[in-house]
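Engineer: Sequence first, then the predicted structure:
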Amino acid sequence: MEELFIRDDFIKLGQALKLAGLVESGVEAKEVIQDGLVKVNGEVDTRRGKKLVVGDEVHFDGNSFVVKKR
């Protein structure tokens, strides 16, 4: 599982997908999240603004990452 390092206390789901290189744009992030293709901690989450914190795991399209603090 990959690690996604953040400086702040949280990162929004759409931003995290872009930062991890799993989508190319905010529009693409919005679409895949709203289509129910993204899981956070094993559950489908359709909120692009979902705040991810340290320890959260995200799964999308055969890829996954865990949020870590920098």
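Structural biologist: Noted; the coordinates are in hand.

Engineer: For residue 53, list the residues it contacts.
Structural biologist: 9, 10, 67 (Cβ atoms under 8 Å, 6 or more residues apart in numbering). For glycine as for every other residue, the C-beta is placed from the backbone atoms N, C-alpha and C.

Engineer: how many other residues sit next to the second one?
Structural biologist: The reference is to residue 10. Number of residues near residue 10 (other Cβ atoms under 10 Å) recorded here: 15.

Engineer: cool, and the last one?
Structural biologist: Using other Cβ under 10 Å, residue 67 is surrounded by 20 other residues.

Engineer: pretty sure residue 26 is touching residue 18, no?
Structural biologist: Yes: in this structure, residue 26 is within contact of residue 18 by Cβ atoms under 8 Å, at 6.7 Å.

Engineer: Send over the lengthiest helix in the chain as CSV, restricted to the C-alpha atoms.
Structural biologist: In the chain, taking DSSP state H as the definition, the longest helix is helix 26-34. Output in CSV follows, covering the C-alpha atoms of helix 26-34 (Å, rounded to 0.1, in the frame of the first residue of the first chain):
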residue,chain,number,x,y,z
GLY,A,26,-10.7,17.8,-9.9
VAL,A,27,-13.5,17.1,-12.4
GLU,A,28,-12.3,13.5,-12.8
ALA,A,29,-12.1,13.1,-9.0
LYS,A,30,-15.6,14.4,-8.6
GLU,A,31,-16.9,11.9,-11.2
VAL,A,32,-15.3,8.8,-9.8
ILE,A,33,-16.2,9.7,-6.2
GLN,A,34,-19.9,10.5,-7.1
